[in-house]
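K.L.:
sequence? don't have it. structure:
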């Protein structure tokens, strides 16, 4: 009889180990990894977001800025949060003062009609009504949203 009780508890112990192993294996199979996502999204304190392709992405920190391997630069004090996403970016940026944009900017409608030329991003932001525009600064043209 004692041998039967010992055998019962031994089998129960093996069964528990087996169940714990199965539960652990199931959880590991469903764990999310950064490599499962297409984009790293940086959300700034002003509500704008910057989406970076996650594949091969590296970044460094220098003089209060985050510098990504694709040369995207974000000021750290304006960074609210970062998260991974599979959502496609809209490619529309909010019109904010950007340290990489200096000098005159030209604003166009999405149909390509010139709205005006402004001495700075801030002047353009103050003059434009709510909507989506194209902003040209030198050789760089980006789609912007004025809210």
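P.N.:
It's in. Source: prediction; values computed, not measured. Numbering: from 1, shown residues only.
K.L.:
okay, and the helix or strand of this protein with the least pLDDT?
P.N.:
Lowest by mean pLDDT, DSSP states H and E among the helices and strands of the chain is strand 93-94, with a mean of 52.
K.L.:
next secondary structure after that one?
P.N.:
Next along the chain after strand 93-94, taking DSSP states H and E as the criterion, comes strand 105-109.
K.L.:
ok, the nearest residue to residue 105 once chain neighbours are set aside - how many residues close by?
P.N.:
Spatial nearest neighbour of residue 105, excluding adjacent residues (Cβ to Cβ, 6 or more residues apart in numbering): residue 137 at 4.9 Å. (Each C-beta comes from the backbone N, C-alpha and C, glycine too.) By other Cβ atoms under 10 Å, the residues close to residue 137 number 18.
K.L.:
and residue 137, what's its pLDDT?
P.N.:
Here the pLDDT value assigned to residue 137 is 85.
K.L.:
from what I can see it touches residue 107, true?
P.N.:
No. Applying Cβ atoms under 8 Å, one finds residue 137 not in contact with residue 107, separated by 10.2 Å.
K.L.:
so for stretch 50-68, what gets flagged as buried?
P.N.:
50, 51, 52, 54, 59, 65, 66, 68 (16 or more other Cβ atoms under 10 Å).
K.L.:
look up phi and psi at the last one.
P.N.:
Which is residue 68. Main-chain dihedrals, residue 68, degrees, to the nearest 10: phi -90, psi 160.
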